[in-house]
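> Have a look at this prediction, sequence included:
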Amino acid sequence: ETGVTQSPTHLIKTRGQQVTLRCSSQSGHNTVSWYQQALGQGPQFIFQYYREEENGRGNFPPRFSGLQFPNYSSELNVNALELDDSALYLCASSLAGVRGADTQYFGPGTRLTVL
Amino acid sequence: SQQGEEDPQALSIQEGENATMNCSYKTSINNLQWYRQNSGRGLVHLILIRSNEREKHSGRLRVTLDTSKKSSSLLITASRAADTASYFCATVGVSGGYNKLIFGAGTRLAVHP
């Protein structure tokens, strides 16, 4: 157990809808990263939040957006869902600014299915 | 896009045997990490090796890094059925102010009793 939790576990949506996924960081961690993992693939970096601001972004369109709250929990929002958005969404927390703290601790993921 | 590739894509062995997985990457790195994933769930961090290190051990795990060849290997000794999982290497680049992980496509390991 990493101490990182995600909700919901599973979610089914239809094309065009919007979805919000939630992540609670490990205690003491100030950075949250989100990844998308399609079936049979490795995770792909979506974006990272540090102290409530986006700190880096992967190759994902603007309809993928996020928030980080003062308690360092985070949300991933996806608008105008497409079939290809079906994937496992993983969040990972870490402690930036501390030498050697490069390890990211992953939550169990949210399985999103878009019909 | 993926940073690199794992080899082999799938590996099937008997309990007690050793399992070796390889990872290649394309750009200069700050560190390389190995993760394990059971049945499409969350990733578990196994080991981190920095660009100035060549070998690291953790229990039954041994990781090597060859920055000249841009490759790494993960050795699991005396494998157990519980080691059955997908294994991913992930790199952290040298540029940028944040430590995003770039993953390969993974190796699926099956250990048979």
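It's in.

> can I assume B:Thr107 is in contact with B:Glu6?
Yes. The pair B:Thr107 and B:Glu6 passes the contact test of C-beta atoms under 8 Å, sitting 4.5 Å apart. Using the backbone N, CA and C atoms, a C-beta is placed for each residue, glycine as well.

> Pull up the per-residue confidence for the residue of chain B found nearest chain A.
Nearest to chain A, among the residues of chain B, is B:Phe103, at 3.4 Å (C-beta to the nearest C-beta). For B:Phe103, the pLDDT comes out at 93.

> For the residue lying closest to it once chain neighbours are set aside, give me its contacts.
Of all residues not flanking B:Phe103 in the chain, A:Gly42 sits nearest, at 3.4 Å (C-beta to C-beta, 6 or more residues apart in numbering or on different chains). Neighbouring residues of A:Gly42 by C-beta atoms under 8 Å, 6 or more residues apart in numbering or on different chains: B:Gln2, B:Phe88, B:Ala90, B:Phe103, B:Gly104, B:Ala105, B:Gly106.

> closest to B:Tyr35 among the residues you listed?
Of all those, B:Tyr35 sits closest to B:Phe88, with 4.8 Å by C-beta to C-beta.

> residues touching A:Gln68, list them.
A:Gln68 sits in contact with A:Val32, A:Tyr49, A:Tyr50, A:Arg51, A:Glu52, A:Glu53, A:Ser74, where contact means C-beta under 8 Å, 6+ apart.

> same check, this time on A:Leu76
For A:Leu76, the contact set (C-beta under 8 Å, 6+ apart) comprises A:Thr20, A:Leu21, A:Arg22, A:Cys23, A:Trp34, A:Ile46, A:Phe64, A:Ser65, A:Gly66, A:Tyr89, A:Cys91.

> just how off-centre is stretch A:90-109 within its chain?
12 Å (C-alpha atoms, centre = their mean, to the nearest Å).

> Could you list the low-confidence segments of chain A?
Chain A contains residues with pLDDT under 70 at A:1, A:97-101.

> Closest residue of it to chain B?
A:Gly42 (3.4 Å).

> Next up, the contacts around the spatially most central residue of chain A.
Among the residues of chain A, the one closest to the centroid is A:Trp34, at 2.9 Å (C-alpha atoms, centre = their mean). For A:Trp34, the contacting residues are A:Cys23, A:Phe45, A:Ile46, A:Phe47, A:Gln48, A:Gly66, A:Ser74, A:Leu76, A:Tyr89, A:Leu90, A:Cys91, A:Ala92, by C-beta under 8 Å, 6+ apart.

> quick one: the strands in the chain?
Since you didn't name a chain, this refers to chain A. Remark: strands assigned in chain A by DSSP state E are A:5-7, A:10-13, A:19-24, A:31-37, A:44-50, A:53-57, A:64-68, A:74-78, A:87-94, A:105-106, A:110-114.

> Not quite, go with chain B.
Under DSSP E, chain B gives strands at B:5-7, B:10-14, B:19-24, B:29-37, B:43-50, B:55-58, B:61-66, B:71-76, B:85-93, B:102-103, B:107-112.
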